[in-house]
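> below are the sequence and a predicted model; questions follow.
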Amino acid sequence: MNKRYLAFVFPLGILFSCSKSMGKDGQKNLSRKSIYEYDFQDINGKKINMRKYEGKYILVVNVASRCGYTNQYASLQRLYEKYHDKLEIIGFPCNQFGWQEPGSQSEIKKFCQSKYGVSFTIANKIEVKGGNQHPIYQFLTKKAINGKKDVNVSWNFNKFLISPQGSWLAHFSSSVNPEGEEITRFLR
């Protein structure tokens, strides 16, 4: 790792220098974070620290109630029931893709429970991309933060798997079945 030194000259001749770590590619290294450094509000407005899920895999999914993939709620619930001892699922409602999650927090909660019997965690509605992107999704989508990969959340029901140590493991597109081999191979 090479270092670049910066020198600052101030009035009265005071000299100060510092170094900035640079990676092999010459890019500045940002501190790599674990997902455990982040908080969110659940659907009831309660603040949750991700550290609550430490030691388990975490599947983070941007969800919507009026999407062609909405039936994945049923698969997510079965996955949660089967692997709950080692897996937590967090659904983050988002209205950024085709305005397919227009409901209020209470409407979303009622829909999830009455239609799909969801017992995994549902968060307050957030933005998963753009200028108001939630910090958890900044971690999930930016290599400079997660240390693994840049990802574009392309539609509802994109899935991210986090390791029991809080590090980024994988991203799955909307079309990936939550109960499919691509995800369950990590959980067996």
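It's in.
> ok, and what's touching stretch 164-176?
Around stretch 164-176, the neighbours that count as contacts under CB atoms under 8 Å, 6 or more residues apart in numbering are 34-36, 50, 54-57, 69, 86, 139-140, 146-149, 151, 154-163, 182-183, 186. The way it works is simple: take the backbone N, C-alpha and C, and place the C-beta from them, glycine included.
> hmm, 6 Å instead?
With contacts defined as CB atoms under 6 Å, 6 or more residues apart in numbering, stretch 164-176 is touched by 34-36, 55-57, 69, 146, 148, 151, 155, 157-161, 163, 182.
> same question, stretch 45-60
For stretch 45-60, the external contacting residues (CB under 6 Å, 6+ apart) are 35-36, 38-42, 86-90, 159-162, 164.
> which among these count as buried?
Members of those that pass the buried threshold by neighbour count (16 or more other CB atoms under 10 Å) are listed as 35-36, 38, 40, 87-90, 159-162.
> rebuild these as CSV, extending it with pLDDT and secondary structure.
Written out in CSV, the entries for the buried ones among the contacts of stretch 45-60 read as follows (pLDDT from 0 to 100; DSSP: H, G, I helix; E, B strand; the rest coil):
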residue, pLDDT, secondary structure
Ile35, 97, helix
Tyr36, 96, helix
Tyr38, 97, coil
Phe40, 98, strand
Leu87, 98, strand
Glu88, 98, strand
Ile89, 98, strand
Ile90, 98, strand
Lys159, 98, strand
Phe160, 98, strand
Leu161, 98, strand
Ile162, 98, strand
